[in-house]
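# Provide a 3D model corresponding to the input given below.
(chains A and B)
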Amino acid sequence: MSEQEKFRQINRKYPNRQATFFDRPHWTRRQFFEVVGAGVTASFLVGKASAAGPVITQLPVETVNKAKNVIFVLLAGAPSHTDLFDLKVVSGVTPDAVKPAALKGLSWPTGILPKLGGTIDDIAIVRSMRSHALVHGLAQTWTQIGRNPAAALGDIAPNIGSVVAIEKTPERQPSHVFPTFLALNSSGAAGPGYLDSKYAPFKTAPSASGLGNTVNQDGEVRLTAKWNTMHSLDDSLRVDSPYGKPLEDMNDFYSAAKGLMYNATVSKAFGFTAQDSQRYGNSGFGNSCLVAKQVLAANQGTRFIQITLGGWDMHQNIYGIGGDPTKGTNIFTLGKQLDDGLSALIGDLKASGLLDETLVVAVGEFGRTVGKLSAAAGRDHWQQQFAVFAGAGVKGGRAIGSTTADGAMTDDPGWSRGRDVTPEDVEATIYSAMGINWTNIRYDDPFGRGFEYVPFSKDDRYGPLTELWG
Amino acid sequence: MILAAFTIRRECNFLARRGFTLVTGAERVNNMRFRAGILYGFWALGAAAGGQAQEAQLPPGHADCTMFGPQRDRFVKPERERFALSATTAQVTHLRGTAVTMAVAAAQPAVVDPANYPSFIDRDVFGALRDAGVTPAPKTTDYEFIRRVTLDLTGRVPTPDRVQTFVTDTAPDKRLKLIDELIQSPEWIDKWTMYFGDRFRNGQRKAQVNMFAQGRNAFYDWIKSSLASNKPYDRMAREIIAARGTNSFNADEGAVNWLVGGRVTGGPVQDIWDQQTANIAETFLGMSHVNCVLCHNGRGHLDTLSLWGKQTTRYQAWQLASYLSHTDTLQTRVDPAIANLYYWSITDGVRYKTDYALNTTTGNRPQRQPSGSEKTVAPVYIFTGDKPASGEDYRDAMARSVTSDFQFARAAVNYIWLELFGRGIVNPANQFDLARLDPDNPPPDGWTIQPSNPQLLNDLAKAFVDGGYNVKGLIRAVVASETYQLSSRYDGDWNPTWEPLFARKMVRRLWGEEVMDAIVQTSGIPMSYTIGDAGKISWAMQAPEPLAIGGNFLTSFLPGNRDDEERRGDGAVQQALNLMNDPFVMGRTRATGTGATASLAARAMAGNNEQAVNLLYLTVLSRSPSDSEKAAAVTSLNSGNRQQKIEDLLWSLYNKVDFIFNY
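The predicted structure follows:
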């Protein structure tokens, strides 16, 4: 068989279904050798090749499959675990205003997180979590892509939300107009990696007036006239284009964009009232939580929402300038934003029944030093950290794992793997909760070596925290 | 306050540079201690406040240097080289000395003999098409060509006057003249400074390292002045690989930022050398697989990906990385009291004086342990067997070996080809397999020759070397070829498998910068961007990096972050939302209002409807409307408020796919 014939044969077997014109047809070397008989070495894996997409291999695992949606809150800057969800009272250091208390047997800073304390029955706290790295940008990316950004596939690894998007896009209905992966207040959110841009985070900042650029200065009537003029002049190029698929794809993006404009459902989900904003704490973070709730309630195809609350890098004056909680940005002021927004979100989701099918995750990129404060009255970088889970059947009112008396290290991991929880485990937990097999390996990555949803999952190095549901 | 701090930093930095070699032993220890503090965040501060000393390094064989598990991460020395690597990559014979190169650079004409290049490119491409029985697309019309080549070379759309003089010109060499005009324009420098800024990942802030705006700007100046003087590409590479100095002051030391960008935290210094080596291999040799073998042998990992890779060992990768083993990527705090204010230096032989040591157990890559008594690895340029000469600085030697390797030229021309055709001859362009490049020396059964047109790749590389690594000359040769001038329109049945044969030109979506500059230029309503202490610029393409402009409009066109996100050409919903509704566009469709007195829409108002349509089409789309387009457009102006209708027609053109794409 000539090279050309082999080429065509492979092309017939793996027809070109990808949108990107430039990169197609694309068959990986791995696929090529699978076809011509050299085989894939990982023969123990269960192969799931289909004409509809790339080759995917996976282990036969059981997923939790209780979450329809995920809200992923990134607490950027690394919040102090021993002042928040793993409170350790340090004599002569912890201010009275923290108001330590025991809720359901858990130490709790009622002076910082009073409202979240009220939702304690819905919250499970992981205290045995530990970060791999102590550099903000690196570790934030690590948290969002669930792997080492400096590793071989780090550069092309998608955001967890993009993997969810590519998995859940087939479930979209024709009537759905919202993006599958929405990123609120997250301009720096990790992107789609090597996946197509339609799985990228749709980034926007919440605004009372709704989604940006979904109205035209000239009004809907004139916009429609413009739209019609544009189509009358351009359809010969953008529909069945003689120049190829990228132009046809652009037409699809225009249709999707038009669907978001002058759409009462969009305005209702993305806009908000001053009263509601007040209830969520009247902050960018609070408004993001509010919009997230409204977007999920609209049920327009959004499945993964990332929200960022930054500012936790409190090297100085963590309890306020001069120890005054009202001065500067400190654990009390930022804690209030978190408390107002997240508690209202959980409360509203619960009231509407959406909490049963929505997993809420809040996690930072690492923790902060414990015990006494630094010379600058702050706390510096530390690996021990926390993660907060709620919804989708997670059993609340408890902590998984515990730390040593000062909070520096894990004392009891508190879960089946008997070790520290890592960002990779959180990633696997999210996939499992959504019914996505976290051991999937897609063989459509540009290196052709296979992209693992969770790194090393086929070696069972990382896996979901099923104890959250146990 | 930040500005003041930077001023202090500049002065301190200047002094530090002057006295750099005079740093005392005690200060050096302090520097090292500080470095350790930065490596682990602000841990040092914590320790000073009474915390417990604890190594915050990563566990051995920790998460994902590879995807393949720790059992394969064993150190293995090469049994034997089953393929002589020297057979797969030839050393460039006429090695050009530095002194000669400098002289050549000054005198080198920007344009090489036009007779040579186009003939061989077309001979190679059309020959392959003929062999495959594929009919190429027709040649571009003058309208198609002038818009395409102006965008590709300068990032701008042509002015309507230039379009008209071009299409009415009857000279047979008018396309060559246009190419020469464009390639000598200042806009060419802007566009290709942006391109090489992407290639060299010149960003202010990365996940692993902050170069500050000063460092980024210095590197930007270095790239820009290199292109402005048409510095030979091999000299650019040598200056980058062998850069020394501090990172943030002068354009002549701006290249230091490239090595600084390879800094890696959370591990031993070998991790940094490895990353810097991997960057050199990817950027200058098109070989990202070197990164793989810096963690583990190719066997068991790259078996089905790279014939070169599967027979390459980690030991060999260490030999390559050993060229960096005297290099110190040093962070110096301007004022010990200011934690987040520092600069970077690249120095050699001060802190690190021995060869690459096999003595690590933690970090980002699997442990490095000796086999037998050999505790260090000496530098070898594994592709040719070249080694540092006696007394030669290691990085000078590496720069010499890399730029005299024929693969250096192949990688360079392939990257440029990728940019101009949307697809490399070796694709992806960073995954060269050295053992599968030569059709006269074919790989064993089961492997195919990697380039889609190996003759073309070699001829281009050879011409690039013979032409003195002349970047402008290379680009000129490519765009002057008939191959480049094929239409992107294909009227018959198109088979996607013809794409690697370059049977037609592929369309590309404009860069965000190109979209913005095209709207500003064609609308006649100017723009001003403030770029920190770099001042104001009028064109997005002049920004030192895309994130310096940022904003929802530009970022929706996926310019990348020069760290872990590459520039992409994909579409997105937000691109459509922004083009339809963003004030940046809407304001530029206006015939009246702020800045609109000489706007395109205002000028269109002055003529009759047919003249207005012609003006808008020629200005925005660089072409005349077809008869049916003209009829539809004129009809749209015939009723209703004329000013609104003209503005709406202009809006329609800005939202047309033949505006958004280069075709």
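# Spit out the contact partners of the nearest residue to residue B:533 once chain neighbours are set aside.
Ranked by Cβ to Cβ, 6 or more residues apart in numbering or on different chains and with sequence neighbours excluded, the top spatial neighbour of residue B:533 is residue B:213, at 6.5 Å. All C-beta spots, glycine's among them, are computed from the backbone N, C-alpha and C. When contacts are counted by Cβ atoms under 8 Å, 6 or more residues apart in numbering or on different chains, residue B:213 touches B:204, B:532, B:533, B:534, B:544, B:548.
# Where helices are concerned, which of those count?
residue B:548 (DSSP state H).
# which of the contacts of residue B:213 count as buried?
Taking 16 or more other Cβ atoms under 10 Å in any protein chain shown as the criterion, what is buried in those is B:204, B:532, B:534, B:544, B:548.
# ok, back up a step: what helix or strand is the residue nearest to residue B:533 located in?
The secondary structure element spanning residue B:213 is helix B:212-228 (assigned by DSSP states H and E).
# For the helix or strand that that helix is followed by, give me every contacting residue.
Elements were assigned by DSSP H and E; along the chain past helix B:212-228, the next helix or strand is helix B:233-241. By Cβ under 8 Å, 6+ apart, the list of residues contacting helix B:233-241 from outside reads B:96, B:98, B:101-102, B:105, B:200, B:222, B:226, B:255, B:258-259, B:280, B:284, B:395, B:398-400, B:402-403, B:408, B:412, B:464, B:469-471.
# Packing partners of the next helix or strand after helix B:233-241?
Proceeding C-terminally, helix B:233-241 gives way to strand B:245-246 as the next helix or strand, assigned by DSSP H and E. In terms of contact count using 3 or more Cβ pairs under 8 Å, 6 or more residues apart in numbering or on different chains; DSSP states H and E, strand B:245-246 is assigned the packing partners helix B:2-18, strand B:342-348.
# that older thread, list just the nearest of the contacts of residue B:213 to chain A.
Each of the contacts of residue B:213 was scored against chain A by Cβ to the nearest Cβ, and residue B:204 proved nearest at 11.9 Å.
# Now do the contacts for that closest one.
Going by Cβ under 8 Å, 6+ apart, residue B:204 touches B:210, B:211, B:212, B:213, B:215, B:216, B:544, B:545, B:547, B:548.
# Check what pLDDT the first one gets.
Reported pLDDT at residue B:210 in the predicted model: 91.
# Chain neighbours aside, what residue packs nearest to it?
Using Cβ to Cβ, 6+ apart and skipping the chain neighbours, the partner closest in space to residue B:210 is residue B:204 (7.3 Å).
# Quickly note the distance from that neighbour to residue A:144.
Using Cβ to Cβ, to the nearest Å, we find residue B:204 at a distance of 21 Å from residue A:144.
# ok, now which ones touch residue A:426?
For residue A:426, the contact set (Cβ under 8 Å, 6+ apart) comprises A:129, A:143, A:146, A:361, A:363, A:387, A:465.
# returning to that earlier point: and the helices and strands packed on strand B:245-246, which one averages the lowest pLDDT?
Averaging pLDDT over each of the helices and strands packed on strand B:245-246 singles out helix B:2-18 as the lowest, with a mean of 34.
# Helix, strand, or coil at residue A:254?
In three-state terms, and counting by DSSP: H, G, I helix; E, B strand; the rest coil, residue A:254 is helix.
# one step back: Produce a ChimeraX select command limited to the buried residues of the contacts of residue A:426.
Buried residues among the contacts of residue A:426 (16+ other Cβ under 10 Å), as a ChimeraX selection:
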select /A:129,143,146,361,363,387,465
